[in-house]
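[1] Structure for the following, please:
(chains A and B)
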Amino acid sequence: MIRQWTFSKDNVHKYFLSPYVFWENIDNVIIIGRKERNDRFVWEYNTEKSTAMFKRLENGMNSDELKKAIANITGESDALDWLSFFLQEGIIE
Amino acid sequence: MERLDGYQVSGTEIVFKGAWCCVNEKKAVLLNNTGHIILLDKELFNSVVNKRMDEDLAFKLLQRGFAYVKGLPADDYEDDIDISPQFFMVDFTNRCNMDCSYCLRERDRQNSKPRIIDYKMLDTIADCLSNYCQSNGIDRIVIQPWGGEPLLEKDKILYFQDLLIERKVNAEFSIESNGLLLNDSTIEEFAKRNIFVSISIDGYQEIQDYQRRLVGGKKSHPLVSDAINRLKKTEKEHTAVLATITKYSADKVEDILEYFAVELGIKRVKLNFVHKSSFVDNESLCLNPEEISDCIERLFYKELELLKRGYQIYEYNICTKLRNLVLNEKADICVCRGCNGGKKMLTIDCKGDVYPCDVTDYPEEKIGNISDKRDFIQMVQDSLDQTPYFMKKHDDKCDTCPWYYYCRGGCTVHVKCAGKPAGSIDDIECATNTVLYPLLVKLILEEPDIANALLEQNALELI
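    Here you go, the predicted structure:
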């Protein structure tokens, strides 16, 4: 479910999946992209854990929770790079 | 919508670019010039107005394109639609078994020989589409057999679908028909072949029989409503109808929507305003911008009323514009982000001539022929600077219009048929957008549950 949240003091510090993002699990591979652009990329990590993380992001996660969730999927060493990538690409906001 | 001016966020390198906003007592919608919105509660909104936003909010605004980091390029891209036609209208015939008062096709009803596509041409078009899809990695296209009344050439439509299947082209077929030839066996055959049909009906009996008569003048409503009821047995909740609103029917638009929802039990409708024709004198049926705005507003409130009464009816233009606003989707093949003619859609006529939209009766709009040694993308690229069709549309009032990102001057064919110079704006789309978008913003603020109900509906299929 794509969500456009109303931001308030209670949630503005949290990270969310952008409402302008699409993501889907196709044959155990997650495809993610921004709807208004034509770019999309393949997220080749564990689909079960990744799906759980994206679903949590629909409702918001704080910074520590998010870093931990990404590290749990990609491994500690790649986690920050992936977080930067998601933020730069407007996947997570 | 009010305009908020931009400023540098205190203690940061982030610059708020300014925004359009609409506020109620609890929250606000902010809109920027790249088609993104952000919803803020009153407290956060006030912090924006008072230039006291904190870093968390500044970061959210940055992510949504409402702000940029000083020294870095601002994300002001105008995401021009890339050229990748995937919706193809094929002009099977200009013949028709109806005689609508506002018909937009060139049909000399007495004298001229009808134009009908032949099997050989369909072979050539199928080869051309197959090569195009293969060489451009396009895995799905939509074909709209078009007319006149396309079902007068039903056998050729089926033949054409078989040709594309043989060539492994993944083509979804979608037909807009007047419904007169939709007998049970045709409905069954189309269902088996996944050919989707939507039916043109302008309203209840009085309106339909005034605007859409059979050739010879007989009434069409009993036949068409019967076809819809039969189609509903197979297409069920996907059954869609298209209605043209004229000066005659505009003041009855609430009754028309009520009829579709309650009497016909239809969930998906698309209402279009008639536009001036180059071939018949239909000017007396065309609405002026004020009448269009008034009609859109009444249609909008009727849609909400029906939803609240439990009728799941979804008007296509309302739904797609809401999706534009909330999800920044390019949900409509036709006029999301202005005209997509040529860039997302093309029309091929019975001679193999290629046009950027359903303008096959206007030879000056031809951009190529399928026998050319250029693929469709090249054809469009070659025409961009040569053809008035692709000229950017603009009016001074667009400079201060919050909805320009979505509208971009509207439909090129409307402009052409209205006899306005190329580059002028489409008055119908302008009148629609300037009323409908503010109503939708208000809906998001005041009645998010209804907005969600409209968003749940998949508005992508009814083209």
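[2] For the rest of this, base every contact and every neighbour count on C-alpha atoms.
    OK.
[3] show me where chain A has strands.
    When assigned using DSSP state E, the strands of chain A occupy the ranges A:6-7, A:21-26, A:29-34, A:40-43.
[4] So which of those is nearest residue B:420?
    strand A:29-34 (36.5 Å; Cα to Cα).
[5] Out of the strands of chain A, which is closest to chain B?
    Across those, the minimum distance to chain B, taken as Cα to the nearest Cα, is reached by strand A:6-7, at 4.5 Å.
[6] So for the closest one, mean pLDDT?
    Taken as a whole, strand A:6-7 has an average pLDDT of 94.
[7] what is residue 7 paired to in the beta sheet?
    If you meant another chain, say so; for now it's chain A. residue B:40 (DSSP bridges).
[8] if you could check chain B rather than the one you did, that'd help
    residue B:16.
[9] now it: how far from chain A?
    According to Cα to the nearest Cα, to the nearest Å, residue B:7 and chain A sit 20 Å apart.
[10] ok, that residue to residue B:46 distance?
    Note on residue B:7: its distance to residue B:46, by Cα to Cα, to the nearest Å, is 14 Å.
[11] returning to what we had before: could I get the strands of chain A in a markdown table, plus columns for mean neighbour count?
    Formatted as a markdown table, these follow (neighbours: other Cα atoms under 10 Å in any protein chain shown):
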| stretch | mean neighbour count |
| --- | --- |
| strand A:6-7 | 19 |
| strand A:21-26 | 16 |
| strand A:29-34 | 18 |
| strand A:40-43 | 13 |
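[12] Could you work out which of those strands reaches nearest to residue B:410?
    For residue B:410, the closest of the strands of chain A is strand A:29-34, at 24.2 Å, according to Cα to Cα.
[13] Can you tell me the number of residues neighbouring residue 68?
    All of this refers to chain A. Per other Cα atoms under 10 Å in any protein chain shown, the neighbour tally for residue A:68 reads 14.
[14] meant chain B actually
    With other Cα under 10 Å as criterion, residue B:68 counts 23.
[15] Could you verify my assumption that it touches residue B:9?
    No - using Cα atoms under 8 Å, residue B:68 is not in contact with residue B:9; the gap is 10.3 Å.
[16] shared neighbours of those two, which are they?
    Shared contacts of residue B:68 and residue B:9, defined by Cα atoms under 8 Å, 6 or more residues apart in numbering or on different chains, comprise B:15-16.
[17] just for chain B, where's the confidence low?
    Residue ranges of chain B with pLDDT under 70: B:74-80, B:107-111, B:456-463.
[18] before we move on, what about chain A?
    In chain A (pLDDT under 70), the answer is A:1-2.
[19] Can you list the residue ranges for helices in it?
    Secondary structure of chain A, counting by DSSP state H: helices at A:47-58, A:63-74, A:76-88.
[20] same check, this time on the stretch 251-400 of chain B
    Assigned by DSSP state H, counting those that start in this stretch, the stretch 251-400 of chain B shows helices spanning B:253-258, B:289-308, B:316-327, B:376-383.
[21] what about residue 88, how many neighbours?
    Because you didn't say which chain, this covers chain A. 12.
[22] sorry, should have said chain B
    Residues near residue B:88, counting by other Cα under 10 Å: 25.
[23] quick one, what contacts residue B:17?
    B:5-7, B:66-68.
[24] how long is stretch B:363-382 from one end to the other?
    First-to-last residue span, stretch B:363-382, Cα to Cα: 17 Å.
[25] correction: stretch B:244-251
    13 Å.
[26] Now tabulate the strands of chain A in a markdown table and tack on distance to residue B:54.
    Output for the strands of chain A, formatted as a markdown table (distance: least, Cα to Cα, whole Å):
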| stretch | distance to residue B:54 |
| --- | --- |
| strand A:6-7 | 13 |
| strand A:21-26 | 25 |
| strand A:29-34 | 27 |
| strand A:40-43 | 32 |
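[27] now for these, which one comes closest to residue B:57?
    Comparing the strands of chain A by Cα to Cα, strand A:6-7 comes nearest, at 8.4 Å.
[28] looking just at contacts, which helices and strands does that closest one meet?
    Packing partners of strand A:6-7 (3 or more Cα pairs under 8 Å, 6 or more residues apart in numbering or on different chains; DSSP states H and E): strand B:37-41.
[29] and residue B:211, how far is that from chain A?
    Taken as Cα to the nearest Cα, the span from residue B:211 to chain A is 39 Å.
[30] show me what contacts that residue?
    B:100-102, B:202.
[31] how much space between residue B:439 and residue B:404?
    Distance from residue B:439 to residue B:404, by Cα to Cα: 16 Å.
[32] Show me which of those two is the more surrounded one.
    Counting neighbours by other Cα under 10 Å for residue B:439 and for residue B:404 shows that residue B:404 has the greater number, 22 against 18.
[33] Skipping adjacent residues, who's closest to the more buried one in space?
    Spatial nearest neighbour of residue B:404, excluding adjacent residues (Cα to Cα, 6 or more residues apart in numbering or on different chains): residue B:398 at 6.0 Å.
[34] That neighbour contacts residue B:406, correct?
    No - counting by Cα under 8 Å, residue B:398 does not reach residue B:406; the two are 11.1 Å apart.
[35] Mind checking which of those two has more residues around it?
    Neighbour count, other Cα under 10 Å: between residue B:398 and residue B:406, residue B:406 has more, with 22 against 17.
[36] who does the one helix or strand that one maps to touch, helix- and strand-wise?
    Assigned by DSSP states H and E, residue B:406 belongs to helix B:404-407. Using 3+ Cα pairs under 8 Å, 6+ apart, the elements in contact with helix B:404-407 are helix B:427-446.
[37] buried residues in the helix it packs on?
    B:427-437, B:439-445 (16 or more other Cα atoms under 10 Å in any protein chain shown).
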